[in-house]
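Here is my input; please provide its structure:
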Amino acid sequence: MFGMFKNSLFGNTEETEYKLLSSETKDGVSFEVRRYDAAKFAVVSSEGRTFDQVTGELMRKLLMYIGGSNEQGEAMGTAAPIIMTVYPRNDGVFSRRLVVAIRIPTSYQQEPPTPTDSAIRIEERPGMTVYALQFGGFAGESEYRAEALRLTRTLGETAPFQRKQYFCCSYDPLRPYGRRNEVWFLQEEP
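Next up is the predicted model:
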């Protein structure tokens, strides 16, 4: 447990690298289009509870895993962002299905330590192109939904992105202030 806090508060955070394809501003809203490479992620999921009820618990599981709660006892450092995949209903409210993931740090990509928590699985995720909108503060479901709506309106109804799911990202969930959050929409590939 201490490893999780030590890594998150005092350690270096490895931010997932990406290629910036464009940086745009429309109607006063700035967003980026980014390309992320394929990578391995530690993933945990939940069904039946709301976003705000379960995100803290799922994030802690992943932070403990990379903080050393794994079969090898390896404290891997900290990676960012924590990516929460949400599945909005037609009215915009999140369904009670949530998938939370954190990228395995680069030096462990080839052979990630084995999780001791059976709820955590290691998953190879393909590369992706996203529309990313950044915002600050403490973010729960209502804040992520508001920013997703802002990005949807900015991109317009004809923009090529998936509407059945999107990503809510937290870069520093244990920081008491100055938090960085993002909403990512997955661009549909032509």
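
Any figure for the gap between Arg175 and Glu24?
Separation of Arg175 from Glu24 (Cβ to Cβ, to the nearest Å) stands at 28 Å. Any C-beta I mention is one placed from the backbone N, CA and C, and that applies to glycine too.

ok, the residue of the chain most remote from its centre - contacts?
What lies farthest from the middle of the chain is Asp27; by Cα atoms, centre = their mean that is 26.1 Å. Going by Cβ atoms under 8 Å, 6 or more residues apart in numbering, Asp27 touches 153-154.

which residue is nearest the centroid of the chain?
Central residue of the chain (Cα atoms, centre = their mean): Ile83, at 1.1 Å.

Show me what that one bridges to in the sheet.
Residues in a beta bridge with Ile83, per DSSP bridges, are Ala101, Cys169.

which residues of this protein score low on pLDDT?
Residue ranges of the chain with pLDDT under 70: 1-11, 190.

how about the helices of it, start to end?
Taking DSSP state H, the helices of the chain run over residues 2-10, 51-66, 141-155.

Could you dump those helices into TSV with mean neighbour count and distance to Gln162 added?
What follows is these, written out as TSV (neighbours: other Cβ atoms under 10 Å; distance: least, Cβ to Cβ, whole Å):
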stretch	mean neighbour count	distance to Gln162
helix 2-10	15	30
helix 51-66	19	18
helix 141-155	17	12
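
how about the strands in this structure?
Here the chain has its strands, by DSSP state E, at 13-15, 19-26, 29-36, 39-47, 78-80, 82-88, 94-103, 121-125, 128-136, 166-170, 180-186.

re the thing from before, could you dump the helices of the chain into CSV with distance to Arg97 added?
Shown next, in CSV, are the helices of the chain (distance: least, Cβ to Cβ, whole Å):
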stretch, distance to Arg97
helix 2-10, 25
helix 51-66, 10
helix 141-155, 13
